[in-house]
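S.K.: What would the 3D arrangement of this be:
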Amino acid sequence: MRILVIEDEHRIAATIKKGLEQEKYTVDLCFNGTDGLDLALTEDYDVIVLDRMLPEMDGLEICIALRKKSIHTPILMLTARGQTQDKVEGLDAGADDYLTKPFSFEELLARFRALSRRPKNSIETILTVRDLTMDPKKFIIKRGDVSIHLSGKEFALLEYLLRNKETILSKDQIVSHVWNYDSDILPNTVEVYIRNLRNKIDNPFKNSKPIIHTVRGFGYKIGE
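M.R.: Numbers count the residues shown, from 1 in each chain. Model (predicted):
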């Protein structure tokens, strides 16, 4: 899953980013409202973590602007203001949930999971294609009864493919969703990671048909 964090307190933003990346999320950071809105409008995110009080444009304005553009990405608003009226204003502006600072990282993750279960994202608990299964919460991947161990980026790539099974995904789509916005990606990076995945989930299973498919001229898909 790809997350956008818009938070002007660098220490808090860095802590959130580090914690989420340890949970295998891909995270982009912005430290002001203008840059945050630009990324939220142009990139594809699964959840947006949005501070209410930001330089240049505050969280309420960003919420309203996104909803007016029919962007319905779940928004978790962060604030040091815990009054009921503040929460009402945030929710009325289009936020999906509200978390008051200071907060525990465990609570942040729990709210992420709750937002991910909403119909907009069609998030399944266990992702499957044929005899390949992935539990994104427990980081467990199996083909049949065989456990498969992946690196963090391999895991994120496989999860993205599984959440879009039977859909052809271009290299650009894969890069924009699996890697951070400011990552320095070489032209053959996606090919390298696809090859790594094949070496772990397809090639060792000689008696089973491949799950990862190359659609020449278009990209890759995972499916029957």
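
S.K.: which helices and strands does the helix or strand of the chain with the lowest mean pLDDT pack with?
M.R.: Ranking every helix and strand in the chain by mean pLDDT, DSSP states H and E puts helix 84-93 at the bottom, with a mean of 78. Packing partners of helix 84-93 (3 or more C-beta pairs under 8 Å, 6 or more residues apart in numbering; DSSP states H and E): helix 59-68, strand 75-79, strand 97-100. (Glycine included, C-beta is placed from N, CA and C.)

S.K.: Same list, those, but as a markdown table with mean neighbour count please.
M.R.: What follows is the helices and strands packed on helix 84-93, written out as a markdown table (neighbours: other C-beta atoms under 10 Å):
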| stretch | mean neighbour count |
| --- | --- |
| helix 59-68 | 19 |
| strand 75-79 | 24 |
| strand 97-100 | 18 |
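
S.K.: follow-up on the earlier one: touching the least confident helix or strand of the chain from outside, list them.
M.R.: With contact meaning C-beta atoms under 8 Å, 6 or more residues apart in numbering, helix 84-93 is reached by 52, 59-60, 63-64, 67, 77, 79, 98.

S.K.: From these, which one has the minimum pLDDT?
M.R.: pLDDT across the contacts of helix 84-93 is lowest for T79, at 83.

S.K.: Now do the contacts for the closest residue in space to that residue that isn't next to it in sequence.
M.R.: Spatially, and ignoring its direct neighbours in sequence, T79 is nearest to R52 (3.9 Å; C-beta to C-beta, 6 or more residues apart in numbering). Contact analysis of R52 by C-beta under 8 Å, 6+ apart lists 58-60, 77-79, 81, 86, 90.

S.K.: mind redoing it with 6 Å?
M.R.: If you count contacts by C-beta atoms under 6 Å, 6 or more residues apart in numbering, R52 has them with 59, 77, 79.

S.K.: Looking at those, which one is closest to S151?
M.R.: Distances from S151 to the contacts of R52, taken as C-beta to C-beta, are shortest for M77 (32.5 Å).

S.K.: if I look at V88, how far off is D172?
M.R.: 40 Å (C-beta to C-beta, to the nearest Å).

S.K.: what about stretch 51-62, how long is it end to end?
M.R.: This stretch, stretch 51-62, spans 10 Å end to end (C-alpha to C-alpha, to the nearest Å).

S.K.: ugh, typo on my part, it should be stretch 133-144
M.R.: End to end - C-alpha to C-alpha - stretch 133-144 spans 8 Å.
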